[in-house]
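Asks: Below are the sequence and a predicted model for it; my questions follow.
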Amino acid sequence: MKDNFDIFFRRKPALMLVSLKRKVRMRYGSILAKEVDCTYSHAVKILQTLEKLGLVVFEKKGRIKLIQLTKKGNEVAEAIENIQKLIK
């Protein structure tokens, strides 16, 4: 597996974390994939990595899995937002 550090400097994972932080509505894989403009399978692969890093958790509701940030995931998403603000 790649160094965990690498994942935060790729566009799609960073956008996923920021999108999850905004909590505008309930999030699941297909919605999140559309929000960050990637395929569902690519989104799932990224989310699995984020789960292994302890940044997101999945909660099963009926047939769908909702995605939520952990405390650590929220902190990372906040840091990404701060970096976005600094470089604008």
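Replies: Perfect, I can see it now. Residues are numbered from 1 along each chain as shown.
Asks: in this protein, what spans have low per-residue confidence?
Replies: Scanning the chain with the threshold set as pLDDT under 70 gives 1-8, 24.
Asks: show me where it has helices.
Replies: Ranges of helices in the chain, per DSSP state H, are 11-22, 29-35, 40-52, 71-87.
Asks: Highest mean neighbour count out of those helices?
Replies: helix 11-22 (a mean of 18; mean count of other C-beta atoms under 10 Å). Any C-beta I mention is one placed from the backbone N, CA and C, and that applies to glycine too.
Asks: In terms of secondary structure, what does that one contact?
Replies: For helix 11-22, the packing partners by 3 or more C-beta pairs under 8 Å, 6 or more residues apart in numbering; DSSP states H and E come out as helix 29-35, helix 40-52, strand 64-69, helix 71-87.
Asks: right, and those - which one's nearest L20?
Replies: Nearest to L20 among these is strand 64-69 (4.9 Å), distances taken as C-beta to C-beta.
Asks: Show me what counts as buried in that closest one.
Replies: The neighbour-count check on strand 64-69 (16 or more other C-beta atoms under 10 Å) flags I67, L69 as buried.
Asks: how far is that strand from where the chain is centred?
Replies: 10 Å (C-alpha atoms, centre = their mean, to the nearest Å).
Asks: and that strand, what does it pack onto?
Replies: For strand 64-69, the elements it packs on are helix 11-22, helix 29-35, strand 56-61, judged by 3+ C-beta pairs under 8 Å, 6+ apart.
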